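Visitor: quick check, what structure comes out for this input:
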Amino acid sequence: MSSTHRPAWNARPVPHTAVRPADDTGPLRVALVVPPYFDIPPHAYGGVEAVVADLADALVARGHSVTLVGAGRPGTRARFVPVWDRTVPELLGEPYPEVMHAIAARRAVQRLAATEGLDVVHDHTLAGPLNAPAYGVPTVVTVHGPVGPDMERYYRELGDDVHLVAISDRQRELAPGLNWTATVHNGLRLADWPFRAEKDDYALFLGRFHPDKAPHLALEAAHAAGLRLVLAGKCAEPVEKEYFEREVKPRLTATDHVFGVADADAKRELLANARCLLFPIQWEEPFGMVMIEAMACGTPVVALRSGAVPEVVVDGVTGLVLDDPAGLPRALHDVRDLDPAACRAHVAAHFDVRGLGAGYERAYRRAVEVSTLRRDYAGLDSALDRAYNRFDSGGSQLQASGERA
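Guide: This next block holds a predicted model:
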């Protein structure tokens, strides 16, 4: 194993201690476990990382003790425990970093639980929730991606060991049988996003170059509308590169501009100056962080109706939501009638980081409450087993205290 890919946390596992009950109002001790691919907050790509960065700061502002377990450099108000020497974006999509990160994070979390105590572990990774039984601490897992058949089975097999949080009602509706504890919409810090009432004359596609995101439909719509299109986003994984060569590159014209991956500053400028964000998705989008980022800048969204889009965009107020790609070209013109101030006000009212922090605090307290009840009732059930011969075919018989039936 190359030293550049070696997890930094090499401490031996330590036994976890009992978790102190958390009251309804006191500060919580929270460990946020995040993927090892990008910094928190990210320099460019990284929707999960951006949300976690804002969540960490929001929780600290609410008086909680927060430790971030991940990779890279510290960038939030939370204490940072790196378990890798560096971030490993080049390994995104491979199984090794997922498994290795879960092992390293488990050791870090167990050490925190043993030395300082933890009330909640909040995991944002794929393999990390498998550690939940080893922690002895209520574990909350945010489901950041779509819940297809494979992932639904995975989360179901985790059972009651994890408390799932959905990022949209639509995501939760598609898998109603899972152990959901809350729905908490993603949020952002409004002051970090510049507002522009006057827009330049271009539409923006900002996202992965992937069939699910359908930038080829964005190109077709912009060409039909006679509007310049700027395309920015990640094109690094094999499926993204193949899709770009097959579906995007042949459609590019002299009026289109492929920006590439936009860093945090460039992303804000692109969003703030665009006539609209073009969001022609072809999948069950679980949330769509870029939509609230655009609206925060006063930029309306032109989107196809799928996933959480109708939950995030107010049709006719903060964007235009369509059922058919054929309607996109006209929408690119009609969107100019929408008020940029209404877009920003919608984000302030429904997707501000303060709501993010409050929502997760409620989810944590519910997870602690449910876990405590399960533990107490399990103890009661065990005591009854000891007191009564429940499984004797002759019926229940009272036993002396401490005896096994």
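Visitor: for the rest of this, base every contact and every neighbour count on C-alpha atoms.
Guide: Fine.
Visitor: got the buried residues for whichever strand or helix holds Val51?
Guide: Here Val51, judged by DSSP states H and E, is contained in helix 47-61. Across helix 47-61, burial judged by 16 or more other CA atoms under 10 Å covers 47-60.
Visitor: OK, contacts around Arg73?
Guide: Listed by CA atoms under 8 Å, 6 or more residues apart in numbering, the contact set of Arg73 reads Asp39, Ile40, Pro82, Arg86.
Visitor: and Gly93, how many residues sit next to it?
Guide: 12 (other CA atoms under 10 Å).
Visitor: pLDDT score assigned to it?
Guide: Note on Gly93: pLDDT of 84.
Visitor: quick one: the helix holding Val51 to chain centroid distance?
Guide: Once both centres are worked out by CA atoms, centre = their mean, to the nearest Å, helix 47-61 turns out to sit 10 Å from its chain's centre.
Visitor: what's the next secondary structure element after that helix?
Guide: Helix 47-61 is succeeded, C-terminally, by strand 65-70 (DSSP H and E).
Visitor: buried set for the lengthiest helix in the chain?
Guide: Assignment by DSSP state H gives helix 353-387 as the longest helix of the chain. Judged by neighbour count using 16+ other CA under 10 Å, the buried positions of helix 353-387 are 353-361, 363-372, 385-387.
Visitor: again, but for stretch 333-353
Guide: Applying 16+ other CA under 10 Å to stretch 333-353 flags 335, 338-348, 350-353 as buried.
Visitor: quick one: contacts of that stretch?
Guide: Residues outside stretch 333-353 that contact it (CA under 8 Å, 6+ apart): 54-55, 58, 185-190, 195-197, 225, 275-276, 292, 295-300, 302, 316-320.
Visitor: in helices, which of those fall?
Guide: Per DSSP H, the subset of the contacts of stretch 333-353 in helices is Asp54, Leu55, Ala58, Ala225, Ile292, Met295, Ala296.
Visitor: mind checking how far the nearest residue to the fourth one once chain neighbours are set aside is from Val313?
Guide: Yep, that's Ala225 we're talking about. Leaving aside its sequence neighbours, Ala225 sits nearest to Pro329 (CA to CA, 6 or more residues apart in numbering; 4.7 Å). Distance, Pro329 to Val313, using CA to CA, to the nearest Å: 18 Å.
Visitor: more neighbours: which of those two?
Guide: Neighbour comparison, Pro329 and Val313: the larger count goes to Val313, with 24 against 19 (by other CA under 10 Å).
Visitor: residues contacting the more buried one?
Guide: Contacts of Val313 by CA under 8 Å, 6+ apart are Met291, Val301, Gly319, Leu320, Val321.
Visitor: mind doing that once more with 10 Å?
Guide: Taking CA atoms under 10 Å, 6 or more residues apart in numbering as the criterion, Val313 is in contact with 291-292, 295, 300-303, 305, 319-321, 343, 346-347.
Visitor: likewise for Ala296?
Guide: Contacts of Ala296 by CA under 10 Å, 6+ apart are 188-196, 268, 271-272, 290, 340-348, 351-352.
Visitor: same thing but at 7 Å, please
Guide: The contact partners of Ala296, taken as CA atoms under 7 Å, 6 or more residues apart in numbering, are Leu190, Trp193, Phe195, Cys343, Arg344, Val347.
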